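>>> Model the structure of this input:
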Amino acid sequence: MITIKDEREIDLMRHAGHVVGLVHQELAKWLKPGLTTEQVSDFCEKIIRKNGCTPSFLNLYNFPGAVCTSVNDVVVHGIPNGYVLKDGDIISVDVGACWKGYHGDSAWTFAIGNVSPQAKHLMEVCEQSLYAGLEQVKPGNRVSDISHAVQTYLESHGCSTPRDYTGHGIGTEVHEDPSIPNWGEPGRGPKLRKGMCIAVEPMAHLGKAEVKVMDDNWTVKTADHSLAAHYEHTVAITEDGYEIMTKVHKELIDFGKEER
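Below is the predicted model of the structure:
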C-alpha cells in the first residue's frame, strides 16, 4: 500500500535525510586507501548516532552492518568487513538513518585515490542517471516514467542496470510501496502524487546486467565482475516536482542539540 505523508511526517524524514547527507559529506572528506570497510561502517554509525538517529540498516532483515559497503564489482548489499580499500577502488556506501520512527536512505559511490577513466565514466553516468530519473518525479507522472528515464540514460552512455533490484517507497519502513525499477517502458505503474516519499536509486554496470548473490546471501556482484556504481536520494513529491531530503539542510545543522 502506498502511503501519503503529511507535512509533519515529511519534516521528520527531512531530519533523517539531513543526517544521511551529513554522513556522505563527511565520507567524501575522510575516505582514503588503507581503511577497511568495517572502519567505514563504524565511521558512518558514529555520525548517525551523534546526531540523534539510529542506523536504519543494522539488523534490518538480519543485515549485520550499520551501512552497506559495496566495492568495485559489488553492486549492492556489501557487508562491512576487513577488506582494505586500495588506490583505484570505488566504493558505494548505502546509508540509512532513522529519526523518531522515520527513515532517510541514500547511496553514493566514491573514488578511492586515483581511479581509472572507466571507473570515472561509470560514476558520472550513474550519478547523472539519478537526476534524469528525478526529472520525471512530479504529480501525474507514473512510476515507470522514472524507470524509463534511468534506463535510457544509462544505456545511451554504454552502461547496463540490473533487473533484480529497485528503488522504493520509504517512510516509517525503509522499504515501502511502490517499487521503482531502473528499467521499463514509460507510462506504467502507480501515478505519482504529492506527499509520496520515494527512494530513487540507479545501479549501473560497465558490463552486462546480470548479477549473482554470494554465499553470505547478501553481497550482490556483477556476474562478469565488471565495475558497478550506485547512487540514491530520498525525495518527497511536491505540488510541482520533488524535494531532495537526503542532503545537508543548512537550517538543520544544529537540529539535534536540543533533542539530545
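
>>> tell me the strands in the stretch 151-260 of the chain, going along the chain?
Secondary structure of the stretch 151-260 of the chain (DSSP state E, counting those that start in this stretch): strands at 167-169, 176-180, 197-200, 203-205, 211-213, 220-222, 228-230, 233-237, 242-244.

>>> so which of those strands gets nearest residue 55?
strand 233-237 (15.1 Å; C-beta to C-beta). Where C-beta positions appear, they are placed from N, C-alpha and C, glycine not excepted.

>>> Restrict the closest one to CA atoms and write it as PDB.
C-alpha atoms of strand 233-237 as PDB (Å, rounded to 0.1, in the frame of the first residue of the first chain):
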ATOM      1  CA  HIS A 233      18.300  10.000  -3.000                       C
ATOM      2  CA  THR A 234      15.200  10.000  -0.900                       C
ATOM      3  CA  VAL A 235      12.700  12.600  -2.200                       C
ATOM      4  CA  ALA A 236       9.300  13.900  -1.200                       C
ATOM      5  CA  ILE A 237       6.900  14.700  -4.100                       C
END
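
>>> returning to what we had before: want to throw the strands of the stretch 151-260 of the chain into JSON lines with mean pLDDT, distance to residue 149 and mean neighbour count?
Putting those into JSON lines (pLDDT from 0 to 100; distance: least, C-beta to C-beta, whole Å; neighbours: other C-beta atoms under 10 Å) gives the following:
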{"stretch": "strand 167-169", "mean pLDDT": "98", "distance to residue 149": "12", "mean neighbour count": "23"}
{"stretch": "strand 176-180", "mean pLDDT": "98", "distance to residue 149": "11", "mean neighbour count": "19"}
{"stretch": "strand 197-200", "mean pLDDT": "98", "distance to residue 149": "10", "mean neighbour count": "27"}
{"stretch": "strand 203-205", "mean pLDDT": "98", "distance to residue 149": "14", "mean neighbour count": "30"}
{"stretch": "strand 211-213", "mean pLDDT": "98", "distance to residue 149": "22", "mean neighbour count": "15"}
{"stretch": "strand 220-222", "mean pLDDT": "98", "distance to residue 149": "22", "mean neighbour count": "22"}
{"stretch": "strand 228-230", "mean pLDDT": "98", "distance to residue 149": "17", "mean neighbour count": "29"}
{"stretch": "strand 233-237", "mean pLDDT": "98", "distance to residue 149": "14", "mean neighbour count": "25"}
{"stretch": "strand 242-244", "mean pLDDT": "98", "distance to residue 149": "13", "mean neighbour count": "19"}
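
>>> can I get those strands in a markdown table with distance to residue 54?
Output for these, formatted as a markdown table (distance: least, C-beta to C-beta, whole Å):
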| stretch | distance to residue 54 |
| --- | --- |
| strand 167-169 | 19 |
| strand 176-180 | 18 |
| strand 197-200 | 18 |
| strand 203-205 | 26 |
| strand 211-213 | 27 |
| strand 220-222 | 25 |
| strand 228-230 | 22 |
| strand 233-237 | 16 |
| strand 242-244 | 22 |
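
>>> The ones you listed: which one's closest to residue 47?
Short answer: strand 233-237, nearest of the strands of the stretch 151-260 of the chain by C-beta to C-beta, at 17.0 Å.

>>> Against which helices or strands is that closest one packed?
Judged by 3 or more C-beta pairs under 8 Å, 6 or more residues apart in numbering; DSSP states H and E, strand 233-237 is in contact with helix 7-30, strand 102-111, helix 117-134, strand 197-200, strand 242-244.

>>> low-confidence ranges in the stretch 1-150 of the chain?
Within the stretch 1-150 of the chain, no range satisfies pLDDT under 70.
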